[in-house]
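Student: sequence-free structure coming up:
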Ligand SMILES: Nc1ncnc2c1ncn2[C@@H]1O[C@H](COP(=O)(O)OP(=O)(O)OP(=O)(O)O)[C@@H](O)[C@H]1O
């Protein structure tokens, strides 16, 4: 199958406009995400990356345009059907958003209890399996307050994986992590893509991480409120289409000139 054939397209964003109230944040957003790719939403602070992500995960209805998931029109579907389509999604927020009053194991069990009819023994097994995937089996009985930032991220990821999502959305996964922990998270994300075939949409400012893991993406501009470049972070770094993209992609990568 050709890499860009329609069968390979998992998500299509078509002429999407997103914003809050009367305020438009981004418009004319048109792009596709291929199955099994790691797709980056890039751009400077405040350009609207998280706003677009919110529209893609069902938290913010778009002002215009369409968002198709495997050919199904997400926002034009009725609410029940939209929830059903959303069952394909897993989300990891910047804060990991674990419930503080529950242990890690209980946090991961919650979506399984809410959305499946599995027995408690089976749920327990799945919790152990998901924690094993992110290397956090030992944390099953710990509370979020007992975890470091990196551990919280990995447990948040285990919860995002609870329902075997086809599509994972990450909002700034590396924020606040040291470079080694951040690199481990990159490896984990690559393993999910390569091992489970998960498609990943990622918002991140971490250029080294984006150059390592992302194979496609879109660059949003705050001033024109439009996307100004498409392509992988590596391609945009090596062949920037304009000065803004060039500055963004090179600012942190020019190292040891002599
Ligand atoms: N709930 C909200 N209501 C109104 N305006 C908002 C809301 N959330 C964000 N904004 C505004 O939308 C614009 C885009 O914000 P957004 O968080 O999407 O940008 P971003 O590209 O993700 O930024 P950063 O990289 O700094 O996280 C900003 O001007 C912000 O102030």
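Tutor: Perfect, I can see it now. It should be emphasised that the depicted structure is a prediction, and the values quoted were computed from it without experimental measurement.
Student: in the stretch 51-200 of the chain, which spans are strands?
Tutor: 64-69, 72-73, 89-92, 167-171, 199-203 (DSSP state E, counting those that start in this stretch).
Student: Mean pLDDT added to those strands, as CSV?
Tutor: What follows is the strands of the stretch 51-200 of the chain, written out as CSV (pLDDT from 0 to 100):
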stretch, mean pLDDT
strand 64-69, 96
strand 72-73, 95
strand 89-92, 86
strand 167-171, 92
strand 199-203, 95
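Student: Contacts only, for residue 200.
Tutor: Going by CB atoms under 8 Å, 6 or more residues apart in numbering, residue 200 touches 37-39, 167-170, 189, 192-193. Bear in mind the C-beta positions are built from the backbone N, C-alpha and C, glycine included.
Student: change it to 6 Å
Tutor: Counting by CB atoms under 6 Å, 6 or more residues apart in numbering, residue 200 makes contact with 38, 168, 193.
Student: Could you list the residues of the stretch 1-150 of the chain in contact with the ligand?
Tutor: Residues of the stretch 1-150 of the chain found near the ligand (CB under 6 Å from any ligand atom) are 20, 25, 43, 45-51.
Student: Those residues, buried ones only, as a ChimeraX selection?
Tutor: In ChimeraX syntax, the buried subset of those is picked out as below (16 or more other CB atoms under 10 Å):
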select :25,43,47,48,49,50,51
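Student: Go through the residues of the stretch 1-150 of the chain next to the ligand and flag which are in strands.
Tutor: 20, 25 (DSSP state E).
Student: Is it possible to get a markdown table of the residues of the stretch 1-150 of the chain next to the ligand that adds pLDDT?
Tutor: What follows is these, written out as a markdown table (pLDDT from 0 to 100):
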| residue | pLDDT |
| --- | --- |
| 20 | 96 |
| 25 | 97 |
| 43 | 93 |
| 45 | 90 |
| 46 | 92 |
| 47 | 94 |
| 48 | 95 |
| 49 | 94 |
| 50 | 92 |
| 51 | 95 |
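Student: List just the nearest of the residues of the stretch 1-150 of the chain next to the ligand to residue 82.
Tutor: Lowest distance from residue 82 to those (CB to CB) belongs to residue 51, with 18.6 Å.
Student: Could you pull up the residues touching the nearest residue to the closest one once chain neighbours are set aside?
Tutor: What sits nearest to residue 51 in space, not counting adjacent residues and going by CB to CB, 6 or more residues apart in numbering, is residue 25, at 4.7 Å. Neighbouring residues of residue 25 by CB under 6 Å, 6+ apart: 18-19, 48, 51.
Student: So which of those residues belong to helices?
Tutor: Judged by DSSP state H, the subset of the contacts of residue 25 located in helices is residue 51.
Student: where does the stretch 101-250 of the chain have low pLDDT?
Tutor: For the stretch 101-250 of the chain, not a single residue meets the criterion pLDDT under 70.
Student: Please enumerate the helices of this structure.
Tutor: Assigned by DSSP H, the helices in the chain fall at 49-56, 79-86, 104-115, 120-133, 149-160, 179-191, 207-213, 233-238, 243-250.
Student: got a markdown table for the strands of the stretch 51-200 of the chain, with distance to residue 118 too?
Tutor: Putting the strands of the stretch 51-200 of the chain into a markdown table (distance: least, CB to CB, whole Å) gives the following:
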| stretch | distance to residue 118 |
| --- | --- |
| strand 64-69 | 24 |
| strand 72-73 | 26 |
| strand 89-92 | 17 |
| strand 167-171 | 21 |
| strand 199-203 | 25 |
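Student: wait, which of the ones you listed is closest to residue 9?
Tutor: Of all the strands of the stretch 51-200 of the chain, strand 64-69 sits nearest to residue 9, with 8.5 Å by CB to CB.
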